[in-house]
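1. The following comprises the amino acid sequence and a computationally predicted model.
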Protein chains: 2
Amino acid sequence: MIDKKSPMPLYFQIEEAIKQKIEKGEWITGTMISSEREFAENYEVSRMTVRQAINNLVNDGYLTRQKGKGTFVSAKKIEQKLLGLTSFTEDMRSRGYRPASKLISFQTISANQRLAKALEIPENQKIYEIKRVRLANDIPMAFETTFVPAQLLYLQESHIKEGSLYSEVENAGFKIDYATQSLEASIARDAESEILEITKGAPVLLIERQTFLTNGMPLELVHSVYRGDRYKFMIDMKR
Amino acid sequence: MIDKKSPMPLYFQIEEAIKQKIEKGEWITGTMISSEREFAENYEVSRMTVRQAINNLVNDGYLTRQKGKGTFVSAKKIEQKLLGLTSFTEDMRSRGYRPASKLISFQTISANQRLAKALEIPENQKIYEIKRVRLANDIPMAFETTFVPAQLLYLQESHIKEGSLYSEVENAGFKIDYATQSLEASIARDAESEILEITKGAPVLLIERQTFLTNGMPLELVHSVYRGDRYKFMIDMKR
DNA sequence: TATAACTAGTTGTCTATACCAGTCAGAAAA
DNA sequence: TTTTCTGACTGGTATAGACAACTAGTTATA
């Protein structure tokens, strides 16, 4: 259950164990979980370690504490879904599609004024330009161009083809923090209509996303052209 | 500085002290703050107490930790802007436009199957249908159709014309909690192109929003058609 | 000169313990 | 029977210390 020799921190293992019980429905909303002292005894760890695990779950909204009473499973929150800063892959999976990508081009270019500003780097600095077609069940869904400052991490074509960009980012020790997006309706241009296999003049959804790391540095600028006939952008917002 | 006799927890006092330095600009973005051991010594508390204070500030986005290096002041927080569940009026104001509305029609209709489902009411129940043109600096920006269950609150044409729908909702003692939205690109149909003063076939952004109250009841279903050439939907998301 | 080992500093994890502050049920007192 | 108190539970705060993992600069070594 809990492996004291594992390189994973004990509190993290406990955290995952509790999270699983909740997500598997074993502990439903309102269930009072074991007390901190009970956990400590069962897992043979100190109470403070249990508290660290529970703290994280409280912060993530899985649990709520009540002094003198106990710790309870929260109502399943929209917030998990909320504000989903998701990748194309996650997004499509959650819709029940099989996501895939086709790399169109991968090259290193010099930042023009607009890119330099968006990525907060000096002009003419090197950046990667990644062009991909995004597929859902083998049907073209979007044409995506990603710009990443080359100084931030070293990328090769194989990284893009085999893994996701975001896993490379995490390998490099960075963490994604937030993004600002803009969405607008437009009309497919020649090149886009061909790649997306739609007629010229068909409606498309243009999405531009700027992603930031926890240290405040911009990670990427992504320009996407989604097929208007196949893609709906879904979002939940809380007051 | 820190009052050990105060009923306020020590970690909370330390938390506030650090937060103040950041908010007053004394510690700017990127500043490395004192190490946990230094704080502990200065304040004459244990390191774990300092950690609790810093933990909270990290969770709130004020600080970021880097193992082996130190703890640093984060880039400006964006959470306030985040999560904007805003009305058209607020949205336009924040962009520097002068918002206005023109009421096209106001009537009571019976819920068809789709509306009944979206508003979680029995079929054929009465609902208000409000059609409005939304203007920014007197230029048509969107054509909006709102559906509200009549049982929820009593509405008159004057309410819509003079005040906002949301203020009526609050007067009735309800509180808006969250909304789910979908956005997609499309093409202006005849009626829409006329009202929005654009050519037929011009790109438009279709936004459908379902708003829920704190008690979980749906308040409204809003279907909007925004001009693709004038409107960009902006959103910030946090990981 | 280049490389490896060391060192002092940082945050990260974990322990064992203590006492405080609410909650609630059952025992004792009215 | 009703009220009050007590005790055993809950999470909340705080301590002092230990060692691990990582960073960056310095020193010793090949």
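-> Yep, that arrived. Numbers count the residues shown, from 1 in each chain, chains lettered A, B, ... in the order given.
2. Isn't A:F72 up against A:I28?
-> No. Contact criterion C-beta atoms under 8 Å: A:F72 and A:I28 do not qualify, at 10.5 Å. No exception for glycine: its C-beta is placed from N, CA and C like everyone else's.
3. Specify the local secondary structure of the residue in chain A that chain B sits nearest to.
-> Chain A approaches chain B most closely through A:G216 (2.9 Å), counting by C-beta to the nearest C-beta. Here A:G216 is recorded as coil under DSSP: H, G, I helix; E, B strand; the rest coil.
4. Contacts for the helix or strand hosting A:I22, please.
-> Using DSSP states H and E, A:I22 sits in helix A:10-23. For helix A:10-23, the external contacting residues (C-beta atoms under 8 Å, 6 or more residues apart in numbering or on different chains) are A:1-4, A:6, A:26-27, A:33, A:39, A:43, A:45, A:49-50, A:52-54, A:56-57, A:62-63, A:73.
5. which residues touch the following helix or strand past it?
-> Sequence order places helix A:36-43 as the next helix or strand after helix A:10-23, per DSSP H and E. Counting contacts by C-beta under 8 Å, 6+ apart, the residues outside helix A:36-43 that touch it are A:1-2, A:10, A:14, A:34, A:45-47, A:49-51, A:53-54, A:71.
6. Render the CA-only coordinates of helix A:36-43 in PDB, please.
-> Taking Å, rounded to 0.1, in the frame of the first residue of the first chain, the C-alpha atoms of helix A:36-43 are listed here in PDB:
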ATOM      1  CA  GLU A  36      -5.300  11.900  10.700                       C
ATOM      2  CA  ARG A  37      -4.200   9.900  13.700                       C
ATOM      3  CA  GLU A  38      -5.700   6.700  12.300                       C
ATOM      4  CA  PHE A  39      -4.000   7.200   9.000                       C
ATOM      5  CA  ALA A  40      -0.700   7.800  10.800                       C
ATOM      6  CA  GLU A  41      -1.100   4.600  12.700                       C
ATOM      7  CA  ASN A  42      -2.200   2.500   9.800                       C
ATOM      8  CA  TYR A  43       0.500   3.700   7.400                       C
END
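7. Pull out the buried positions in it.
-> Neighbour-count burial for helix A:36-43 flags A:E36, A:F39, A:A40, A:Y43 (criterion: 16 or more other C-beta atoms under 10 Å in any protein chain shown).
8. Same list (these) but as TSV, adding distance to DNA strand C and pLDDT.
-> As requested, the buried residues of helix A:36-43 are exported to TSV (distance: C-beta to the nearest atom of the strand, whole Å; pLDDT from 0 to 100):
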residue	distance to DNA strand C	pLDDT
A:E36	9	97
A:F39	11	96
A:A40	8	96
A:Y43	8	96
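9. of those residues, list those near DNA strand D.
-> With C-beta under 7 Å from any atom of the strand as the criterion, the buried residues of helix A:36-43 include A:E36 near DNA strand D.
10. between the buried residues of helix A:36-43, which is closest to B:V133?
-> Relative to B:V133, the closest of the buried residues of helix A:36-43 is A:E36; by C-beta to C-beta it sits at 58.1 Å.
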